[in-house]
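Engineer: here you go, sequence then predicted model.
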Amino acid sequence: MAIKKTKPNTPKRRHATYDDFSDISREASPEKRLLKIKKKKGGRNNQGKITVRHRGGGVKRYIRLIDFKRDKFNIPAVVKTIEYDPNRGSRIALVSYLDGDKKYIVAPVGLKVGDKIISSKELVEIKAGNAMPLKFIPAGISVHNIEIEPGMGAKIARGAGNAVAVMGIEGKYAQVKMPSGEIRLIKKEALCTVGQVSNPDKMHIKIGSAGRKRLLGIRPTVRGTAMNPNDHPHGGGEGKQSIGLKGPKTKWGKPALGVKTRKKRRSNKLIVKRRPSKKKK
């Protein structure tokens, strides 16, 4: 993917950048059998209460049903199209299996129309798009779409540009380095896909305007310091000033920004090294 700039005719277009979609199949249209209408909830639960703030609006879209399990083992598939998915940053690939079945998968970097891929529980060729258990991946190879538990479907490294580095096999676990820098153990029978997730330049796109953000379904966020003291712990005071607290708080008075929220989990013992701290030295 290449990033496209426009002439600075307006304040918005001066700073905004766009995806040029040069890596997708031009004549492709979504596979209707693999589409589902996306219902909008506006950040509200079944009682109508807002549980996630700043959600609402946005353009209508369909959900593409992605095959994260890759459980059609030892059946070769051919990539028919590389398509845009409005629900994720990466590209998706429509693959056709020899038995006639078609599925969407998350496309890795370098996957092209006409390429042949396969998913297997045995060792297959180490190339982008092929899926196999972690125990067959050599050290230093990048993978994505990793299962946490064998058979439950990919949960790790699915976002645009993400990749996990396999560092080695120890007993019944594979040691991997996550995109965050964390090193952890995952069962070596867990399925993964070779390569890096496509569209790594997604992180460099600048939205450029509030209206474009609204099209994504994100509503405006008001600063706590701009509110009244009864609406936010940061609010109140005459004029613009600091929050007057030891540390920032949420709207509900809980510590915010940089506070660890991970609770005690059984999987803590599988973390070999925590991700680097973001605190300034």
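Structural biologist: Received the coordinates, thanks. Residues are numbered from 1 along each chain as shown.

Engineer: test my guess that Leu191 contacts Lys135.
Structural biologist: No. Using C-beta atoms under 8 Å, Leu191 is not in contact with Lys135, being 10.6 Å away. Glycine gets a C-beta too; all of them are placed from N, C-alpha and C.

Engineer: specify which residue of these two has the higher count of neighbours.
Structural biologist: Leu191 (25 against 15; other C-beta atoms under 10 Å).

Engineer: and the closest residue to that one other than its chain neighbours, how far is that from Leu34?
Structural biologist: Spatially, and ignoring its direct neighbours in sequence, Leu191 is nearest to Glu147 (5.1 Å; C-beta to C-beta, 6 or more residues apart in numbering). Going from Glu147 to Leu34 by C-beta to C-beta, to the nearest Å gives 21 Å.

Engineer: flag the shaky bits of the stretch 151-281 of the chain, pLDDT-wise.
Structural biologist: In the prediction, the stretch 151-281 of the chain carries residues with pLDDT under 70 at positions 278-281.

Engineer: for the residue positioned nearest the centre of the chain, what are its contacts?
Structural biologist: The structure's the chain has its C-alpha centroid closest to Gly159; by C-alpha atoms, centre = their mean the separation is 2.6 Å. The contact partners of Gly159, by C-beta atoms under 8 Å, 6 or more residues apart in numbering, come to Arg88, Gly89, Ser90, Val197.

Engineer: compare neighbour counts for Glu147 and Leu34 and give me the winner.
Structural biologist: More crowded of Glu147 and Leu34, by other C-beta under 10 Å: Glu147, with 23 against 17.

Engineer: which residues does that one bridge with?
Structural biologist: Assessed by DSSP bridges, Glu147 has beta-bridge partners Ala154.

Engineer: residues contacting it?
Structural biologist: Going by C-beta under 8 Å, 6+ apart, Glu147 touches Gly153, Ala154, Lys155, Ile156, Ile186, Ala190, Leu191, Cys192.

Engineer: distance of it from Ala160?
Structural biologist: Look at Glu147 and Ala160: by C-beta to C-beta, they are 20 Å apart.

Engineer: Ser25 now?
Structural biologist: Using C-beta to C-beta, Ser25 is found at 18 Å from Ala160.

Engineer: quick one: end-to-end distance for stretch 138-150.
Structural biologist: Separation of the first and last residues of stretch 138-150 by C-alpha to C-alpha, to the nearest Å is 19 Å.
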